[in-house]
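A.B. asks: everything below, folded, please.
(2 chains)
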Amino acid sequence: MSGQTAATLRKKPATLQPTKRILSWGRYPKTAHQHVHRPAWNDQVPDILKAAAPGSLLPYGLGRSYGDSCLNDGRQLIDCRRLNRILGFDESTGMLSCESGVSLSDILDVFLPKGWFLPVTPGTRFVTVGGAIANDVHGKNHHCAGTFGAHVRQIGLHRSNDGLVVCNAEENPDMLRATIGGLGLTGVTASADIQLKRVRGSWIDAESIPFHSLKSFLDLSRESDGRFEYTVAWLDCFAGRNARGIFFRGNHSAESGKIIRSKGGPKVPFALPSWLLNRYTVKAFNTAYYRAHAARQSTSVVPYDSFFYPLDSLRQWNLLYGKNGFLQYQCVIPESNFEAFEELLDLIAHSGMGSCLGVLKQFGSAPPAGMLSFPRAGLTLALDFAMRGDRTLQLLRSFDRIVLESGGALYPAKDARMSPALFEASFPQWRSFVPFIDPKMSSSFWRRVTEAQAQ
Amino acid sequence: MTVTTSSSTPRIKRMQKIVILGATSGIALEVQRRLALQECELLLVARSPERLAALQSDLMARGAKQVLTCAAHLASIPHHAGIFDFVRRSFPDFDTVLLAYGTMQDQKDSEDSVDALLNELNVNFVSATALLTLFAADLEQRRTGCLAAITSVAGDRGRRSNYVYGSAKGALSLFLQGLRSRLHPAGVRVITIKPGPVQTPMTDHLPNSAHFADPEQVARDIMRALERRSPDVLYTPRIWRYVMTAVGQIPEGIFKRLSF
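C.D. replies: Model prediction:
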């Protein structure tokens, strides 16, 4: 069966049916969308925007946002994954132009063999360019490269009221800053120009160093910032303020070696029973993980994908948390508020509900690329919590208090439950973003954190 | 009659120059990516010049050695001479042709309107045979190459809900069967590709489309069929070969009562 796609954009508002359930990566909250549009070509997007009711649409990519920022409960989504074409590449400058549904994985597959790498990459390669822009994602090189949005030179944006808008440093610079980190609310990204980075090959000179306190983590981090392009730490969340963990740092290797192509790893086939990840199994995992790395402070040359994307090797790992899903908590706390951070770690350890995947990183102080960018100078911590109903929500609320008092912020891409007050504290400038929102766009997240205050 | 193979025996010659008729169709998109990875040369035919331009840059970036495009209306038979002429002039030694376009209207429309019915038959069957005939003559004369066309499992048996589309695709399958026999002495392969329901823009409006086959898997199967010498008739995903064998066994007296 094939399709002459020219004739495919059917107008069928009368027959909208609830579509296959689309969830975010955390599989919480459970949503039902009225309809999911799946344009295959950019020329189909204007009609979708035109036909929609105000506040009814939201672009959707690979669904790797953890909470509800990529969802639009009871309304419609525009699935952009079929808009996945590379529109141009300048071999001499590394400037890539592509559609919004191209995944970072795709970019690596095509351009790494030619000696080009992503300027910034999050912890998974399975996000779209549109998603990376909308959440202004960061990576292990935030301290020297800033966020993904800092490397976006131009965006072509479908707007429901004024057609295709070109945004760059000269034309519509404010719309560019609004779209970077704009949670998809400013319109549908038609194309983006991204500056790739030259590398010698696909290998990383990596080091892992165990640490035993928050202080020694900070020392390590400061000492590494100048010498290492990539730094991040894994944290045992059961250790409290006497943090123990493993510090990872690395640089692109001068060794060119052979090019590695990513291969799919094993896959979690279905939602596992949620009791599998309990405090004992997680504790055992953390101890084993720590011992395995602590035994040897190691220096080695590793393939880029195992350095950047260890979790991608287990496909659909989010199903490990069972059918109720999980919440991720990622906050940033100013470094001056060291005590608040310790207090937070104690609280997490005390709860016994944390998970295997505690990630700690010191952000750099580069100015934000977008109006609503999350990264800012300070310490950021990301941690998963299996969704166990009120108990979990209450625990996270107790973290909120610390974040709020310390002048910190929460990351919308990871959030499914922060209060409007905490959003306001995290992004006090959000009202100046509102005029840039496309009138046809809205999201579950946006309604949750702003609607009470807008009135 | 001269044979213009470069050298040595033309055993299993790697396909290198492929003409895609209906390059913007959901399945063709996936096949083209795989061909680009193998550094093939492509000539893409489809209606929209803008879409062809996007495809061209995409496939070039992904490794294709050359991508030519021809914007034309494939379902319109008067356009065919121009298309064929363009291919012969700019891509004279093509070795593979993949016909991938088609349309699936709401069956109800064809029941209510003869125009809609004729359009469905014309796009999926009549225009396809007209094009294939042009390309077949060329390959037959050069005594080389491969013709492949995407039909459908829907063509294996007429169903209440989809018999117009099914009959067009079924007729195309029959046409290909005869063509295969005709071109066999000339050493030209003819492949009938019969996909089950696939997740493409063409099927988005159908209920349960989320459970349809992944176009990437279908493209993988098509690539394998193009590269090897068998099968002549490809069912993809493979389970459809067995499903359709079973469906074929149901007596008509019972089948006519089934409502799918």
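A.B. asks: B:Ser167 falls within a helix, correct?
C.D. replies: Yes. According to DSSP: H, G, I helix; E, B strand; the rest coil, the state of B:Ser167 is that of a helix.
A.B. asks: contact partners for it?
C.D. replies: B:Leu121, B:Gly155, B:Gly158 (CB atoms under 8 Å, 6 or more residues apart in numbering or on different chains). Any C-beta I mention is one placed from the backbone N, CA and C, and that applies to glycine too.
A.B. asks: how many other residues sit next to B:Val87?
C.D. replies: Applying other CB atoms under 10 Å in any protein chain shown, we find 21 other residues in the vicinity of B:Val87.
A.B. asks: tell me which residues touch it, please.
C.D. replies: Counted by CB under 8 Å, 6+ apart, B:Val87 has contacts B:Val19, B:Leu43, B:Val45, B:Cys70, B:Phe94, B:Phe135.
A.B. asks: just the buried ones from these?
C.D. replies: B:Val19, B:Leu43, B:Val45, B:Cys70, B:Phe94, B:Phe135 (16 or more other CB atoms under 10 Å in any protein chain shown).
A.B. asks: how about the contacts of B:Val87, which pair is most distant?
C.D. replies: B:Cys70 and B:Phe135 (13.5 Å; CB to CB).
A.B. asks: how about the helices in chain B?
C.D. replies: Along chain B, the segments classed as helices by DSSP state H run B:26-37, B:49-61, B:80-90, B:107-112, B:114-121, B:127-142, B:163-183, B:215-227, B:239-249, B:252-255.
A.B. asks: report the separation between A:Ala413 and A:Ser444.
C.D. replies: Distance of A:Ala413 to A:Ser444, given as CB to CB, to the nearest Å: 13 Å.
A.B. asks: next: A:Ala452.
C.D. replies: Distance from A:Ala452 to A:Ser444, by CB to CB: 14 Å.
A.B. asks: could you dump stretch A:321-338 to PDB, C-alpha only?
C.D. replies: Written as PDB, here are the backbone C-alpha positions of stretch A:321-338 (Å, rounded to 0.1, in the frame of the first residue of the first chain):
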ATOM      1  CA  TYR A 321       8.800   2.100  36.600                       C
ATOM      2  CA  GLY A 322       5.600   0.200  35.900                       C
ATOM      3  CA  LYS A 323       2.300   1.300  34.600                       C
ATOM      4  CA  ASN A 324       1.900   4.200  36.900                       C
ATOM      5  CA  GLY A 325       5.000   5.800  35.500                       C
ATOM      6  CA  PHE A 326       7.500   8.100  37.300                       C
ATOM      7  CA  LEU A 327       8.300  11.700  38.000                       C
ATOM      8  CA  GLN A 328      11.600  13.300  37.400                       C
ATOM      9  CA  TYR A 329      12.700  16.100  39.700                       C
ATOM     10  CA  GLN A 330      15.300  18.400  38.200                       C
ATOM     11  CA  CYS A 331      16.100  21.600  40.000                       C
ATOM     12  CA  VAL A 332      18.900  24.100  40.000                       C
ATOM     13  CA  ILE A 333      20.100  25.800  43.200                       C
ATOM     14  CA  PRO A 334      22.500  28.700  43.300                       C
ATOM     15  CA  GLU A 335      25.900  27.700  44.500                       C
ATOM     16  CA  SER A 336      25.800  30.300  47.200                       C
ATOM     17  CA  ASN A 337      23.100  28.200  48.800                       C
ATOM     18  CA  PHE A 338      25.200  25.300  49.500                       C
END
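A.B. asks: could you report the neighbour count for the residue in chain B that chain A sits nearest to?
C.D. replies: Closest residue of chain B to chain A, CB to the nearest CB: B:Met202 (2.7 Å). Using other CB under 10 Å, B:Met202 has 26 neighbouring residues.
A.B. asks: do the same with the one 5 residues further on
C.D. replies: Counted with other CB under 10 Å, the neighbours of B:Pro207 add up to 7.
A.B. asks: what's the answer for A:Ser306, then?
C.D. replies: 13.
A.B. asks: repeat for A:Gly94
C.D. replies: A:Gly94: 18 surrounding residues under other CB under 10 Å.
A.B. asks: and for A:Arg159?
C.D. replies: Neighbourhood size, A:Arg159 [other CB under 10 Å]: 19.
A.B. asks: list the contacts of it.
C.D. replies: A:Leu49, A:Val165, A:Thr186, A:Gly187, A:Asp438.
A.B. asks: what's around residue 236, how many residues?
C.D. replies: Chain wasn't specified; assuming chain A. 22.
A.B. asks: my bad, the chain I had in mind was chain B
C.D. replies: The tally of other residues near B:Thr236 (other CB under 10 Å) stands at 24.
A.B. asks: I'd say it and B:Ile191 touch.
C.D. replies: No. B:Thr236 lies out of contact with B:Ile191 (CB atoms under 8 Å); the separation is 11.2 Å.
A.B. asks: where are the low-confidence patches of chain B?
C.D. replies: B:1-13 (pLDDT under 70).
A.B. asks: gap between A:Lys440 and chain B?
C.D. replies: Distance of A:Lys440 to chain B, computed by CB to the nearest CB, to the nearest Å: 21 Å.
A.B. asks: list the contacts of stretch B:51-61.
C.D. replies: If you take CB under 8 Å, 6+ apart as the criterion, stretch B:51-61 is touched by A:5-6, A:41-43, A:85-89, A:99, A:110, B:23-24, B:29, B:32-33, B:35-36, B:42, B:44, B:46, B:67, B:69-71.
A.B. asks: could you dump stretch B:116-123 to CSV, C-alpha only?
C.D. replies: This file holds the C-alpha atoms of stretch B:116-123, laid out as CSV (Å, rounded to 0.1, in the frame of the first residue of the first chain):
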residue,chain,number,x,y,z
ALA,B,116,-14.7,8.7,-7.8
LEU,B,117,-14.7,5.1,-8.7
LEU,B,118,-13.0,5.7,-12.1
ASN,B,119,-10.5,8.0,-10.5
GLU,B,120,-9.5,5.3,-8.0
LEU,B,121,-9.1,2.7,-10.8
ASN,B,122,-7.3,5.2,-13.0
VAL,B,123,-4.7,6.2,-10.4
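A.B. asks: can you say which of the helices of chain B is nearest to A:Leu277?
C.D. replies: That would be, of the helices of chain B and by CB to CB, helix B:215-227, which comes in at 31.4 Å.
A.B. asks: neighbours of the residue in the stretch 101-250 of chain A that chain B sits nearest to, how many?
C.D. replies: In the stretch 101-250 of chain A, the residue that lies nearest chain B is A:Val110 (5.7 Å; CB to the nearest CB). Neighbourhood size, A:Val110 [other CB under 10 Å]: 21.
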